[in-house]
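**Q** A predicted structure for the sequence below; I have some questions about it.
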Number of protein chains: 2
Amino acid sequence: MNSDGSEPALIGIDWGTSSLRAFLIGRDGAVLDRLSSPEGIMHVPDRDFEAVFIRLVGPWLSKKPLPILASGMITSRNGWVETPYEQLPLGAQGLARSLVAHETSAGARLHFVTGATALHDSGPDVMRGEETQIVGAAAMGLSDGLFVMPGTHSKWVIVESGRIADYATYMTGEVFAALREHTILGTLMQEGPFSEEGFDRGIAAGLKSKSRLLHALFHVRTLPLMGQMEPSMVADYLSGMLIGSEIAAELENGDGVAEVTIVGRSDLANRYERGLAQARVASLRAPDDIVAIGHFVIAKAAGLIS
Amino acid sequence: MNSDGSEPALIGIDWGTSSLRAFLIGRDGAVLDRLSSPEGIMHVPDRDFEAVFIRLVGPWLSKKPLPILASGMITSRNGWVETPYEQLPLGAQGLARSLVAHETSAGARLHFVTGATALHDSGPDVMRGEETQIVGAAAMGLSDGLFVMPGTHSKWVIVESGRIADYATYMTGEVFAALREHTILGTLMQEGPFSEEGFDRGIAAGLKSKSRLLHALFHVRTLPLMGQMEPSMVADYLSGMLIGSEIAAELENGDGVAEVTIVGRSDLANRYERGLAQARVASLRAPDDIVAIGHFVIAKAAGLIS
């Protein structure tokens, strides 16, 4: 059995703020089993992470002990075990060297992945969890270049030689929610299905907004107010404007970006794909489960899988 | 008495969303009496604006009828009498021609000032109330040029030959409130007195942010998170970043702006003064009560004051 790639060799846990995913991974890196749960770190009563861990992952450990890697916000101050931020450049070797071990009361040994920080004059940048996905994407043969990871706080990551060379976080998703729900911009919005026209007009406005985003935002109010946009388009117009501004900023920041790899399969990832197309930048999609591959290559590099 | 400049000749009302101010104005334009009230249009029960008007302004009308001008959000869809938006350029003559008259049930005759719209390819811009202030400032001998009117939605107004030639609205104030109160950026802020250091660092970051504002905002979180900024500075850092971004956008937009006139005496106006100084742009302050002067010159131009 030892030479069988389908024999379980590792458990990888991607434990975020609002949900967690866990993977049972074989000796060859294949995902043998998986589970997901809404028990993100903000939804764990009394911060009893061990109880959630044992209930969800325990069955995979019943036959024999396995090394366990955990990444994501579970490694933050509000998580289970806080790990430091490692500096760039950072790849599988660096993450393997900086794992933080923790033993549960039942004797299971977890290894927590560190976060990554980018130090710029304008201020530091931080990530937890995305570094493991990027390392996984690199291991799957995705070429170096620019990656975008859509989310509440989207990340644009420059990968060189399979390592994270630099990255920047954008508040886009959270700003969108705050503006829609807590400013006058939401008052003229009508709920409805995705409006391609509203979104595309928003992307165009965002790509052109340059430094005047705080001014362009006012058009989210005046266009419907003056009868120049249907209320059913307005939310997607705002979404497009923010994503367009973000894309334009990254394209200005980079030298002739020709292609971007989008990490994720969500509706939000579809919006970035549509926005990049309007900006005439090619995009491709990272495969699912790159985070499990990331856990696998980090564990390999750390000697946790023989 | 007719030749006495201190004889009441006009009532001017600046009736906004959250408050109103009214002025008893003499034949020579001097303010003879004034009152203010928190009864902005959002705080008038059953939209019974006439009742508020009679209670507050009625005493000034007890001796003899006077012409009355009202400006501000009271002329909007949610106000008393909705007036149209006039196009630019727009000055006292244009506003005088487009007054909208309304008689109360008690026979008082009010003249509502129209709003002003700026039509740009990127979207329309709208104002209600500020046009009257600008006309007043021009009549007080403030030179043509660039004016900033700090507020929830700040306005940057280009004045040429005493008329509004163009303007742009920025969502700065409302975006600040939404981000502070409804995003993760507020969680590391500590209330306290104004932090000059935090604000000045924010202005510097905002002036440099260019198209990357959605990225720069993330530093409002990471700087305190990484111990690079005291929590007591963070709210003012965010304030400075947004105001700095706005100032930089307007300076890029204009050709060699050397001086800006700030309308307002609020704490917010002080912040713009400080931000402009850091951007090496001179600023001066418009006098108080320019809105009453605006009412006066529009009423004069409309022939309402003999």
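**A** Nice, I can see it. Residues are numbered from 1 along each chain as shown, chains lettered A, B, ... in the order given.

**Q** can you show me the strands along the stretch 151-300 of chain A?
**A** Taking DSSP state E, counting those that start in this stretch as the criterion, the stretch 151-300 of chain A contains strands spanning A:154-160, A:163-170, A:259-262, A:282-285.

**Q** mind putting those into a markdown table with mean neighbour count, mean pLDDT and distance to chain B?
**A** In short, each C-beta sits where N, CA and C put it, glycine included. Conversion of the strands of the stretch 151-300 of chain A to a markdown table gives the following (neighbours: other Cβ atoms under 10 Å in any protein chain shown; pLDDT from 0 to 100; distance: least, Cβ to the nearest Cβ, whole Å):
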| stretch | mean neighbour count | mean pLDDT | distance to chain B |
| --- | --- | --- | --- |
| strand A:154-160 | 23 | 96 | 8 |
| strand A:163-170 | 22 | 97 | 4 |
| strand A:259-262 | 19 | 96 | 16 |
| strand A:282-285 | 14 | 95 | 19 |
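
**Q** out of those strands, which is closest to residue B:136?
**A** In this view, those are compared for proximity to residue B:136 by Cβ to Cβ, and strand A:163-170 is the closest at 41.7 Å.

**Q** for that closest one, packing partners?
**A** Contacting strand A:163-170 under the criterion 3 or more Cβ pairs under 8 Å, 6 or more residues apart in numbering or on different chains; DSSP states H and E are the following elements: strand A:115-120, strand A:123-127, helix A:130-139, strand A:154-160, helix A:234-253, helix B:213-216.

**Q** mind putting those into a markdown table with distance to residue B:57?
**A** Putting the helices and strands packed on strand A:163-170 into a markdown table (distance: least, Cβ to Cβ, whole Å) gives the following:
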| stretch | distance to residue B:57 |
| --- | --- |
| strand A:115-120 | 57 |
| strand A:123-127 | 52 |
| helix A:130-139 | 61 |
| strand A:154-160 | 53 |
| helix A:234-253 | 38 |
| helix B:213-216 | 43 |
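
**Q** for residue B:86, which of those is the nearest?
**A** Comparison of the helices and strands packed on strand A:163-170 against residue B:86 by Cβ to Cβ identifies helix A:234-253 as nearest, at 25.2 Å.

**Q** so which elements touch the closest one?
**A** The criterion is 3+ Cβ pairs under 8 Å, 6+ apart, and the helices and strands that helix A:234-253 contacts are strand A:154-160, strand A:163-170, helix A:172-182, helix A:196-209, helix A:213-216, helix A:219-225, helix A:267-278, helix B:213-216.

**Q** what lines up beside the first one in the sheet?
**A** Strand A:154-160 has the following strand partners under DSSP bridges: strand A:145-149 (antiparallel), strand A:163-170 (antiparallel).

**Q** would JSON lines of these with distance to residue A:221 be doable?
**A** Formatted as JSON lines, the entries for those read as follows, by distance: least, Cβ to Cβ, whole Å:
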{"stretch": "strand A:145-149", "distance to residue A:221": "28"}
{"stretch": "strand A:163-170", "distance to residue A:221": "23"}
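
**Q** distance of residue A:274 from chain B?
**A** In this structure, residue A:274 and chain B are separated by 18 Å, where distance is defined by Cβ to the nearest Cβ, to the nearest Å.

**Q** show me the contacts for that residue.
**A** Residue A:274 makes contact with A:196, A:199, A:200, A:203, according to Cβ atoms under 8 Å, 6 or more residues apart in numbering or on different chains.

**Q** report pLDDT for it.
**A** For residue A:274, the model assigns a pLDDT of 97.

**Q** with residue A:287 instead?
**A** In this prediction, residue A:287 carries a pLDDT score of 88.

**Q** can you check the one 5 residues further on too?
**A** Looking at residue A:292, its pLDDT reads 97.

**Q** with the one 10 residues further on instead?
**A** Confidence per residue is given as pLDDT, and for residue A:302 that number is 98.

**Q** can you tell me which residues contact it?
**A** Taking Cβ under 8 Å, 6+ apart as the criterion, residue A:302 is in contact with A:96, A:97, A:99, A:111.

**Q** and the strands of the stretch 151-300 of chain A as CSV, adding distance to residue A:73?
**A** Converted to CSV, the strands of the stretch 151-300 of chain A look like this (distance: least, Cβ to Cβ, whole Å):
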stretch, distance to residue A:73
strand A:154-160, 14
strand A:163-170, 14
strand A:259-262, 21
strand A:282-285, 24
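
**Q** who wins for proximity to residue A:27 among the helices and strands packed on strand A:163-170?
**A** Closest of those to residue A:27 is helix A:130-139, at 15.1 Å (criterion: Cβ to Cβ).
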